[in-house]
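Asker: Just need the structure, nothing else, for what follows:
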Amino acid sequence: MLKIFGLLCLLWLQPVAQAAEQTAVFAGGCFWGVDAVFKHVKGVSEVSAGYAGGIAATAHYEQVGRGNTGHAEAVNIRFDPARVTYQQLLEVFFNVAHDPTQLNRQGPDVGSQYRSAIFYSNIEQQKMAQNYLRKLAETRTIVTQIVPLQQFYPAEAYHQNYLALHPDQPYIVVNDLPKLAQLQKHYPDLYR
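Answerer: Below you'll find the predicted structure:
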């Protein structure tokens with residue numbers, strides 16, 4: 001009887017532990033830099049580069065790169081809301097990870113696949129994103145889309161953890177390493 005009680009307690013506690021972690025999906029230009037920024041945020045357990053906004057059949061780098069699939073290069077972020085809030089992730093996204101005033105581009109990358117977008121997975125994320133965007137729009141023109149997440153498709157293996165694997169690549173040095181420096185400078189309590 002005691003063994004059964006112990007097993008029931010473990011089964012009861014397991015969903016609570018799993019429910020603690022949440023996900024956020026953001027698109028802000030080339031996913032390499034956005035991926036790297038969020039990998040350096042305390043409370044984030046995993047970041048995957050990928051595609052959101054289109055269908056599975058077109059979730060491939062060569063097709064997405066043509067700009068006609070509906071996909072945006074995006075990142076899927078798993079985080080512990082007890083350590084970093086969705087609000088804090090929004091702040092990092094808007095203030096460090098990309099420029100939300102550039103329509104269908106980020107730096108040298110041009111096309112709808114590089115658009116600024118928040119793919120929300122629940123009403124709470126939608127409301128938080130809308131409120132934050134309204135606040136930013138008081139001082140500048142923001143082009144970020146806020147849309148429901150239909151599906152996130154992980155990118156090819158060679159795109160994962162790209163900055164860490166290629167820190168000397170010219171694109172990374174010019175476009176993405178400065179983002180990490182900004183994260184450390186402006187959010188030292190979140191930087192790891």
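
Asker: hey, where'd the strands end up in this protein?
Answerer: Taking DSSP state E as the test, the strands found in the chain are 22-28, 44-52, 72-79, 105-106, 109-110, 116-120, 145-148, 152-154.

Asker: possible to save the ones you listed as TSV with mean neighbour count, mean pLDDT and distance to residue 35?
Answerer: (C-beta placed from N, C-alpha, C; glycine too.) Written out in TSV, the entries for those read as follows (neighbours: other C-beta atoms under 10 Å; pLDDT from 0 to 100; distance: least, C-beta to C-beta, whole Å):
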stretch	mean neighbour count	mean pLDDT	distance to residue 35
strand 22-28	24	98	10
strand 44-52	21	98	5
strand 72-79	25	98	5
strand 105-106	20	96	13
strand 109-110	16	97	14
strand 116-120	24	98	15
strand 145-148	14	98	19
strand 152-154	17	98	11
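
Asker: Ok, which of those comes nearest residue 180?
Answerer: strand 44-52 (13.2 Å; C-beta to C-beta).

Asker: The closest one pairs with which strands, and in what direction?
Answerer: In its sheet, strand 44-52 lies beside strand 72-79 (antiparallel), strand 152-154 (antiparallel), with partners assigned from DSSP bridges.

Asker: Export those strands as TSV, with columns for distance to residue 48.
Answerer: Putting those into TSV (distance: least, C-beta to C-beta, whole Å) gives the following:
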stretch	distance to residue 48
strand 72-79	5
strand 152-154	5
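
Asker: on that earlier part again, out of the strands of the chain, which gets nearest to residue 183?
Answerer: With respect to residue 183, and counting by C-beta to C-beta, the nearest of the strands of the chain is strand 44-52 at 11.6 Å.

Asker: Name all residues that make contact with residue 81.
Answerer: With contacts defined as C-beta atoms under 8 Å, 6 or more residues apart in numbering, the neighbours of residue 81 are 20, 22, 43.

Asker: switch to 6 Å and redo it
Answerer: In this structure, residue 81 makes contact with residue 22, judged by C-beta atoms under 6 Å, 6 or more residues apart in numbering.

Asker: Give the residue spans of this structure that score low on pLDDT.
Answerer: 1-19 (pLDDT under 70).

Asker: ok, back up a step: among the strands paired with strand 44-52, which comes closest to residue 162?
Answerer: Put simply, out of these the one that sits nearest residue 162 is strand 72-79, at 11.3 Å, with distance taken as C-beta to C-beta.

Asker: The closest one relative to strand 116-120, how many degrees between them?
Answerer: 50 degrees (axes from the mean of the first three to the mean of the last three C-alpha atoms, to 10 degrees).

Asker: so strand 72-79 versus strand 22-28, what angle?
Answerer: 150 degrees.

Asker: what's in contact with stretch 106-124?
Answerer: Outside of stretch 106-124, the residues within contact range by C-beta under 6 Å, 6+ apart are 25-30, 52, 64, 67, 71-73, 98, 100, 104-105, 126, 129, 143-147, 149, 175.

Asker: Same question for stretch 31-48.
Answerer: Around stretch 31-48, the neighbours that count as contacts under C-beta under 6 Å, 6+ apart are 28, 49, 73, 75-80, 83-84, 96-97, 154, 162-163, 175-176, 179, 183, 190-192.
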